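Enquirer: Any chance you could fold what I've pasted below:
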Amino acid sequence: MWSFRNSVMLSQRKSSLRCWKYGSVPRASIHTSSRHERALPSWVPLEHDTHQKCIAKASAGLSRFAVADPATGETIAQVADYTGAEARRAVERAASAQSDWAFLTLAKRTGLLMEWHRRIVEAKEDLASLVVLEMGKPLAQARGEIDYAASFVAYYCEQAKRIHGEIIPDPRTDQRKLLVQSEPIGVAGLITPWNFPVAMITRKAAAALTVGCSVVLKPSEDTPLSALALAELWSSVDGLPGGVFNVVPCSREMASEVGTVLCTHDSVGVVSVTGSTNTGKIVMQRSASTLKRLSLELGGNAPLIVFPSADIGMAVDGCMLTKFRNSGQTCVCANRIYVHDSVHDEFVARLAEKVSQLKVGNGFEEGVDIGPLINERAVEKVDSLVQSSVAAGAKVLVGGGHHALGGSFYAPTLLTGVASDMPCVREEIFGPVASIIRYGQGMSVRDSEEAVLKQANASKAGLAAYFFSEDYRQMWRVSQRLQYGIVGANEAAVTMDVVPMSGRKESGVGVEGSHHAFHDYTEHKYICMGGNLDARAP
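Expert: Numbering: from 1, shown residues only. The predicted model follows:
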């Protein structure tokens, strides 16, 4: 049983909200107005001084920063703006708690984590509504994100049983035993993005916590509420030691200071980041002084190739899924769409029909496919890439500018006649814009395959790639030659808990997801045990 005593500053929303006992929340506690806005769930903590399990006491007079609803532009909450001082205290708390957490048996740790999992599942509707409120994605997609987030907790709890050590025979003597075991690396510093504000936390934190690390989390300044909600659910689990899971929310202005603490503090063993390539480079530079282990999932510029043998209906559906999910705001979404000359016109016609039918609106509205972008800066970036590409010769088939709803809404856009040197191809768009590049004119099928693979691989990014083909020999060839950590062959839904997510080139280092992710949060210890160990001795 638990409740949160809210001392929250909610702008333009008088608190008709009431604190509630976990597990018995009436659905009406999230209010829907005629404008499809929803009040903040009353149990989400915005004042950390009462949140003893998840953060050290804040400095007196700490300022606050605003969190906005991207659909309306309204400020929905004012959150405590933590500084480097709070980040250092959080790391110290995490370091102090880590050894006791690691000392617990695996069964005890995973039992506590599965209680957290249960609370996440039970709070699914509130968490999904919170994601819509602060990030903007359609409610159905937000619900899917909560399921996705919970799956990582359950997966790592089960998979941790399979972290085994080794006993290596000594080839020189029978008087020694050579043992290898895995140990938690210590405190994990986690820096998470706004586009999947719940799932990107559990994907990192569950792996770290399961093996015995403690964590300090800096969520995106755009979506701190989801992180605070997860922390509140964590703190509601009976039997958890304080200081194991710490959240340090901060504004954009404080992000560098807080991030630097995670990168340079001696007690932090690993820093895991999901963000832009530029952010990853900064983290790598700042972590060099302490030789931190790094896990960096960074920007993508994913190609999608439609070969002549492709099932066009399947290719169009796959393109719609990977390009327009989350309003195009995913690091694995298709950014460069290469379509063979022989199927170009059919593909474009079918795609244009589907893009023109996408419903844009507030994520709480029924049937919405495309929500707002995260903020108006994102809209201006997307529009700049579109307009500069049009000026260079691209043609707008659908959309092509700000949506009539205004604010952070951008019209789903389809560009044709795109060339490889245009801005919408060179840069990651991160918006609902599909750029079609025709290839293979006047070439043999095999020559066109060589040419398009060369174009697809001509990027500093190497996160994800997709292609569609009914030629199974070609499927094998192309999947081997694409220089990307993730390849979808006739499939656009490629992310899940059991598979590794890893980038090549400037898309990052390390692995998230699957049992391979444990490597980033553990280190090997070799023990050479000598003495009279002869099993034949009396």
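
Enquirer: Which stretches in the stretch 201-350 of the chain count as strands?
Expert: 214-218, 245-247, 268-274, 293-297, 302-306, 334-340 (DSSP state E, counting those that start in this stretch).

Enquirer: Okay, now the sheet partners of the second one, with direction.
Expert: Each strand that pairs with strand 245-247, with its direction, by DSSP bridges: strand 214-218 (parallel).

Enquirer: Same check on the fourth one?
Expert: Looking at strand 293-297 with DSSP bridges, its paired strands and their directions are strand 268-274 (parallel), strand 508-509 (antiparallel).

Enquirer: Any chance of those in JSON lines with mean pLDDT and distance to residue 438 as columns?
Expert: Just so you know, the C-beta spots here come from the backbone N, C-alpha and C atoms, and that holds for glycine as well. As requested, the strands paired with strand 293-297 are exported to JSON lines (pLDDT from 0 to 100; distance: least, CB to CB, whole Å):
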{"stretch": "strand 268-274", "mean pLDDT": "98", "distance to residue 438": "33"}
{"stretch": "strand 508-509", "mean pLDDT": "96", "distance to residue 438": "31"}
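
Enquirer: right, so of the strands of the stretch 201-350 of the chain, which gets closest to residue 67?
Expert: Each of these has some distance to residue 67 by CB to CB; the shortest is strand 245-247, at 14.0 Å.

Enquirer: hmm, back to that, quick one: which of the strands of the stretch 201-350 of the chain is nearest residue 145?
Expert: strand 268-274 (13.8 Å).

Enquirer: can you pull up the bridge partners for residue 339?
Expert: residue 306, residue 438.

Enquirer: and the gap between the spatially most central residue of the chain and residue 274?
Expert: The geometric centre of the chain, computed from its C-alpha atoms, lies nearest to residue 200 (CA atoms, centre = their mean), at 3.6 Å. From residue 200 over to residue 274 the distance is 5 Å, taken as CB to CB, to the nearest Å.

Enquirer: which helices and strands does the helix or strand that contains residue 99 pack with?
Expert: Residue 99 belongs to helix 84-103 when assigned by DSSP states H and E. Other elements packing on helix 84-103 under the criterion 3 or more CB pairs under 8 Å, 6 or more residues apart in numbering; DSSP states H and E are strand 177-184, strand 187-191, strand 214-218, strand 245-247, helix 252-264.

Enquirer: Format the strands paired with strand 293-297 as CSV; extra columns: mean neighbour count and distance to residue 42.
Expert: Listed next are the strands paired with strand 293-297 as CSV, based on neighbours: other CB atoms under 10 Å; distance: least, CB to CB, whole Å:
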stretch, mean neighbour count, distance to residue 42
strand 268-274, 26, 29
strand 508-509, 22, 38
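
Enquirer: okay if I get those as JSON lines plus distance to residue 238?
Expert: Shown next, in JSON lines, are the strands paired with strand 293-297 (distance: least, CB to CB, whole Å):
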{"stretch": "strand 268-274", "distance to residue 238": "28"}
{"stretch": "strand 508-509", "distance to residue 238": "37"}
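
Enquirer: shaky segments in the stretch 51-200 of the chain?
Expert: 51-60 (pLDDT under 70).

Enquirer: Mean neighbour count for the helices and strands packed on helix 84-103 - can I get that in TSV?
Expert: Converted to TSV, these look like this (neighbours: other CB atoms under 10 Å):
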stretch	mean neighbour count
strand 177-184	16
strand 187-191	28
strand 214-218	29
strand 245-247	27
helix 252-264	19
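
Enquirer: where are the low-confidence patches of the protein?
Expert: Using pLDDT under 70, the flagged stretches of the chain are 1-40, 46-60, 533-538.

Enquirer: mind listing the helices for this protein?
Expert: 84-103, 106-122, 124-135, 139-159, 199-211, 224-235, 252-264, 277-287, 312-324, 344-356, 376-391, 423-426, 445-457, 472-481 (DSSP state H).

Enquirer: so which of these comes closest to residue 178?
Expert: helix 199-211 (22.5 Å).

Enquirer: Quick one: list the elements packing against that closest one.
Expert: Checked by 3+ CB pairs under 8 Å, 6+ apart, helix 199-211 has helix 106-122, helix 139-159, strand 177-184, strand 187-191, strand 214-218, helix 224-235, strand 268-274 packed alongside it.

Enquirer: out of these, nearest to residue 434?
Expert: helix 139-159 (18.1 Å).

Enquirer: Check which helices and strands that closest one is in contact with.
Expert: Here helix 139-159 touches helix 106-122, helix 124-135, helix 199-211, going by 3+ CB pairs under 8 Å, 6+ apart.

Enquirer: right, so those helices: which one is the most enclosed?
Expert: helix 199-211 (a mean of 28; mean count of other CB atoms under 10 Å).

Enquirer: ok now that helix, how far from the chain's centre?
Expert: 11 Å (CA atoms, centre = their mean, to the nearest Å).

Enquirer: Use 11 as the first number from now on
Expert: Okay, residue one is now 11; in that scheme the one you just asked about reads as helix 209-221.

Enquirer: Can I get it as PDB, trimmed to CA atoms?
Expert: The C-alpha trace of helix 209-221 is given here as PDB (Å, rounded to 0.1, in the frame of the first residue of the first chain):
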ATOM      1  CA  ALA A 209      11.000   1.800 -22.700                       C
ATOM      2  CA  MET A 210      14.500   3.200 -23.100                       C
ATOM      3  CA  ILE A 211      14.800   3.400 -19.300                       C
ATOM      4  CA  THR A 212      13.800  -0.200 -18.600                       C
ATOM      5  CA  ARG A 213      15.900  -1.500 -21.500                       C
ATOM      6  CA  LYS A 214      19.000   0.000 -19.700                       C
ATOM      7  CA  ALA A 215      18.000  -0.100 -16.000                       C
ATOM      8  CA  ALA A 216      16.600  -3.700 -15.900                       C
ATOM      9  CA  ALA A 217      19.800  -5.100 -17.400                       C
ATOM     10  CA  ALA A 218      22.000  -3.100 -14.900                       C
ATOM     11  CA  LEU A 219      19.800  -3.800 -11.900                       C
ATOM     12  CA  THR A 220      19.400  -7.500 -12.500                       C
ATOM     13  CA  VAL A 221      23.200  -8.200 -12.500                       C
END
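
Enquirer: so who does the nearest residue to residue 173 once chain neighbours are set aside touch?
Expert: Sequence neighbours aside, residue 192 is the residue nearest to residue 173 in space, at 5.4 Å (criterion: CB to CB, 6 or more residues apart in numbering). By CB atoms under 8 Å, 6 or more residues apart in numbering, the contact set of residue 192 is 173, 175, 221, 528, 532-535.

Enquirer: Who wins on neighbours among the residues you listed?
Expert: residue 221 (24 neighbours; other CB atoms under 10 Å).

Enquirer: quick one: the residue nearest to residue 173 from residue 131, how far?
Expert: 29 Å.

Enquirer: go on, residue 173?
Expert: 25 Å.

Enquirer: what's the answer for residue 235, then?
Expert: The gap separating residue 235 from residue 131 is 19 Å, by CB to CB.

Enquirer: Also residue 116?
Expert: As judged by CB to CB, residue 116 and residue 131 stand 22 Å apart.
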